[in-house]
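S.K.: sequence first, predicted coordinates after that:
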Amino acid sequence: MYIHGNFKTVPAKVLEAVHGTLEYCVEVSRFIVPENPFYKNHEITLRLCREMIKMSIKIGVTHAFLSIDHKFYRMLKILGFPITEIGKSKLYMGSVTTPGVLTLQDLLPQLKIKKPSLYDFMAAEGDMAMETSHV
């Protein structure tokens, strides 16, 4: 299995044995968020992630495949996102990039039990466009 042809990952059958049937999948590669004085640290990036994940869950996506900067991958893991590395990190487009998978079909119930603060952030209501309209 390959993520956008640049990362050789574990076979789909192995992924399905661990993460369930790969029914409706998306790939999240790179996105760039400019620095903004109204947001501290990675707040705008995390809000963008939240909205992408919430919309994906809403439309029935079961799994998100990621190829993301390794520092960002580590930050998401530290915050409590249950991302699984599915291949070797490598230098790609100027930074070390890690391929991973995030199972969305049971993400929120899992976070509610294991990471209540992250669940509260993920379950927060609000339109991101409205929240950032002052920018």
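M.R.: Perfect, I can see it now.
S.K.: what are the ranges of the helices in this structure?
M.R.: Remark: helices assigned in the chain by DSSP state H are 12-19, 43-58, 70-79, 107-114, 116-123, 128-131.
S.K.: mind listing what's buried in the fourth one?
M.R.: Of the residues in helix 107-114, those buried by neighbour count under the rule 16 or more other CB atoms under 10 Å are 107, 111. All C-beta atoms are positioned from the backbone trio N, CA, C, and that covers glycine.
S.K.: taking helix 43-58 as reference, get the angle to that helix.
M.R.: Angle of helix 107-114 versus helix 43-58, following axes from the mean of the first three to the mean of the last three CA atoms, to 10 degrees, is 120 degrees.
S.K.: what's the burial count for Phe81?
M.R.: 19 (other CB atoms under 10 Å).
S.K.: what does the pLDDT read for the closest residue to Met75 other than its chain neighbours?
M.R.: Excluding its sequence neighbours, the residue lying closest to Met75 (CB to CB, 6 or more residues apart in numbering) is His42, at 6.7 Å. Each residue has a pLDDT score; the one for His42 is 70.
S.K.: for Glu85, same thing?
M.R.: Here, the pLDDT recorded for Glu85 equals 94.
S.K.: what about the residue nearest to Met75, distance to Phe72?
M.R.: 8 Å (CB to CB, to the nearest Å).
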